[in-house]
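Asker: Structure of the sequence below:
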Amino acid sequence: MKQYLELLKDIRDNGIWKDDRTGTWVRGLFGMQAKYDLREWFPLVTTKKTFLRGIVVELIWLIRWETNIKYLVDRDVHIWDEWPFQNYIDSNELNEIFLKYSEDWFKEKTLFIEKIKSLPENDQFVIQYWDLGPVYGHQWRNFNSEWVDQLKNAINQIKTNPTNRRIIISAWNPAQIDQMLLPPCHAFFQFNVDTTNNVLNLQLYQRSADMFLWVPFNIASYATLLLLIAKITGLKPGVFTHTLWDAHIYNNHIDQVNLQLSREPLPLPELKIKKDIKTLEDLEKLEWDDFELLNYKSHERITAPVAV
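Answerer: Below you'll find the model as predicted:
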């Protein structure tokens, strides 16, 4: 994963300081890119332990065009907890009681999550506070709430018209941005078929990239997506190209970045899909147990606060 680490170091050493939406200063650069060849290995960061189970479960959640995070919480994946919880705090004017990131805020968040887990998915409280709006998977499978299934169309184009340069899936929908708790960071992605070698490539265009906390997740997520789509289209997975428009390190992540960059990268692992999958519907039914991560060794986990 030297590509990721080189970007991280470049931003740490040469990034421009600026204020941002969250109130936490960032050091960033515009227009970065890295390539990861899945024919050689699976790009999972080794300089800190990376939560691949959560990454894969979230990806399946996206493919299933889910927008309520109860699906994730029920599987002990808490990637998205902060946003709906803060929305609950804001909506009920509880900011003075539960100051963001205070000890009471974290305690209340824990109680909030426990309550969600105890309720059925059709409970009004779950629907009202744990739905993120028409984010990611909704746009992939039901763009603009008009039943445009971009993912299904892309798979069909890969199979029937592989030289098409328009195999693009967009999560960025200006018409519905205001309905989303968080506008998409990974805005859109494009498939490319190397018809000479029967190889499928994918490029992600990410408008906003939290280099320390979320970019390792994004790399592994879209690499997994490339593996899945290649498998059901009968192609070999090729290169994942990651284009980052605004790549940044939060001010309160600098110590963690320094620690990560001080560590020696370890050999990269392999990710296998154990289940026989042939259709998009097969992807929707996948669970974490259908995957096998081989030979993954990493340094210890490094924690950092989430900017909401």
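
Asker: What residues does M32 make contact with?
Answerer: M32 makes contact with 7, 10-11, 209, 243-244, 247 under the criterion Cβ atoms under 8 Å, 6 or more residues apart in numbering. Where you see a C-beta, it was placed from the backbone N, CA and C, and this is true even at glycine.

Asker: SS state for it?
Answerer: strand (DSSP: H, G, I helix; E, B strand; the rest coil).

Asker: again with the one 4 residues further on
Answerer: Per three-state DSSP, the secondary structure class of Y36 is strand.

Asker: For I219, see how far away it is.
Answerer: Between Y36 and I219 the computed distance is 7 Å (Cβ to Cβ, to the nearest Å).

Asker: same thing with G137?
Answerer: 19 Å.

Asker: could you pull out the helices for this structure?
Answerer: Counting by DSSP state H, the chain forms helices over residues 2-14, 52-63, 70-73, 82-91, 103-118, 124-130, 136-141, 150-160, 215-233, 254-261, 280-284, given from the N-terminal end onward.

Asker: I'd like those as a markdown table, with mean pLDDT and mean neighbour count appended.
Answerer: Formatted as a markdown table, these follow (pLDDT from 0 to 100; neighbours: other Cβ atoms under 10 Å):
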| stretch | mean pLDDT | mean neighbour count |
| --- | --- | --- |
| helix 2-14 | 96 | 16 |
| helix 52-63 | 96 | 21 |
| helix 70-73 | 92 | 20 |
| helix 82-91 | 89 | 18 |
| helix 103-118 | 91 | 14 |
| helix 124-130 | 86 | 16 |
| helix 136-141 | 96 | 23 |
| helix 150-160 | 97 | 17 |
| helix 215-233 | 98 | 22 |
| helix 254-261 | 96 | 15 |
| helix 280-284 | 96 | 16 |
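
Asker: With F191 as the reference, name the closest of these.
Answerer: With distances scored as Cβ to Cβ, the stretch of the helices of the chain nearest to F191 is helix 150-160 (5.9 Å).

Asker: Taking helix 215-233 as reference, get the angle to that closest one.
Answerer: Angle between the axes of helix 150-160 and helix 215-233 is 50 degrees (criterion: axes from the mean of the first three to the mean of the last three Cα atoms, to 10 degrees).

Asker: can you tell which of the helices of the chain is closest to P183?
Answerer: For those, the distance to P183 is smallest for helix 136-141, at 10.4 Å, taking Cβ to Cβ.

Asker: Who are the packing partners of that closest one?
Answerer: If you count contacts as 3 or more Cβ pairs under 8 Å, 6 or more residues apart in numbering; DSSP states H and E, helix 136-141 packs onto helix 52-63, helix 150-160.

Asker: Please tabulate these in CSV, including the columns distance to I302.
Answerer: Written out in CSV, the entries for the helices and strands packed on helix 136-141 read as follows (distance: least, Cβ to Cβ, whole Å):
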stretch, distance to I302
helix 52-63, 16
helix 150-160, 33
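
Asker: Would you mind saying which of the ones you listed lies nearest S118?
Answerer: Scanning those with Cβ to Cβ as the criterion, the closest one proves to be helix 52-63, at 19.9 Å.

Asker: Could you export the closest one as PDB, CA atoms only?
Answerer: In PDB, the C-alpha atoms belonging to helix 52-63 read as follows (Å, rounded to 0.1, in the frame of the first residue of the first chain):
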ATOM      1  CA  LEU A  52     -12.700  -5.200   6.600                       C
ATOM      2  CA  ARG A  53     -15.900  -6.900   8.000                       C
ATOM      3  CA  GLY A  54     -17.500  -3.500   8.400                       C
ATOM      4  CA  ILE A  55     -16.300  -2.400   5.000                       C
ATOM      5  CA  VAL A  56     -17.900  -5.500   3.300                       C
ATOM      6  CA  VAL A  57     -21.100  -5.300   5.300                       C
ATOM      7  CA  GLU A  58     -21.500  -1.600   4.400                       C
ATOM      8  CA  LEU A  59     -20.900  -2.400   0.700                       C
ATOM      9  CA  ILE A  60     -23.600  -5.100   0.700                       C
ATOM     10  CA  TRP A  61     -25.900  -2.500   2.400                       C
ATOM     11  CA  LEU A  62     -25.200  -0.100  -0.500                       C
ATOM     12  CA  ILE A  63     -25.800  -2.700  -3.100                       C
END
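
Asker: what does it contact?
Answerer: 44, 69, 71-72, 75, 77-80, 136-137, 140-141, 151, 217, 220-221, 224-225, 271, 280, 283-284, 286-288, 291, 293, 296.

Asker: do stretch 161-171 as well
Answerer: Stretch 161-171 is touched from outside by 135-136, 139-140, 143, 150-151, 154, 157-158, 184, 186-193, 195, with contacts defined as Cβ under 8 Å, 6+ apart.

Asker: residue ranges for the strands of the stretch 151-300 of the chain, please.
Answerer: 168-170, 186-194, 199-210, 236-250, 270-273, 291-294 (DSSP state E, counting those that start in this stretch).
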